[in-house]
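1. Turn this into a model:
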Amino acid sequence: MNIKLIVGLGNPGEKYKKTRHNIGFILLDLLAKKMNTDFEFNSKFNAEIAEFKLGTKKIILCKPMAFMNNSGQVVSKIINYYRIDLNNILIIQDEIDLAFKKIKFATNSSSAGHKGIQSLINHLGTKEFQRLRFGIKHKTNSLPTEIFVLKDFSKEEIEIIKNLTIEKLVLQK
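-> Predicted coordinates:
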């Protein structure tokens, strides 16, 4: 069976739930809801996993329950267990260099200082995987990056995110 793995990067715990750094988790929660599936914790992978079928393809959604900087360890376990080809992986990450809600796809690019992406590169031994870079930059931000990414989205921003058609973005890639 053809398997596609979609990983949302974020940090576990209620404290981080609505933060900019957790856009990967937020978007996967929206996708799971739209696809009528639920996440369950899988201790073998240390991840919350949701699955559904799309035609003949099995889609696995993954929210690593390791902190962002250690997410590569979780993802590499899943890839090895299911023997998923790197061409069938999509990583959803926050991107401080893009304006809020702007989306850019990247493959074979450096981590650009994103520690979650660097963890993936280190554990997978390659940069050859697809990434959906979701813009979190706010035009009035003057905070250092490490503080800004841990700030919650505003109520208005959350509403904008909830109205995205995320399934069209990630399921066609």
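2. Ile89 versus Thr165, what's the distance?
-> To Ile89, Thr165 is 21 Å away according to C-beta to C-beta, to the nearest Å. In short, each C-beta sits where N, CA and C put it, glycine included.
3. which one of those two has more residues nearby?
-> The neighbour comparison of Thr165 against Ile89 (other C-beta atoms under 10 Å) goes to Ile89, with 23 against 8.
4. Confirm for me that that one is in contact with Ile79.
-> Yes. Look at Ile89 against Ile79 with C-beta atoms under 8 Å: they come within range, at 7.0 Å.
5. what do those two both touch?
-> Counting by C-beta atoms under 8 Å, 6 or more residues apart in numbering, the residues touching both Ile89 and Ile79 are Leu5.
6. low-confidence ranges in the protein?
-> Confidence mapping of the chain against pLDDT under 70 gives the ranges 1, 168-169, 172-173.
7. residue boundaries of the strands in it?
-> For the chain, the strands defined by DSSP state E occupy 2-8, 40-42, 47-54, 57-64, 89-99, 103-107, 130-137.
8. Can you check what angle separates the first one from strand 57-64?
-> Okay, so that is strand 2-8. Between strand 2-8 and strand 57-64, the angle comes out at 30 degrees (axes from the mean of the first three to the mean of the last three C-alpha atoms, to 10 degrees).
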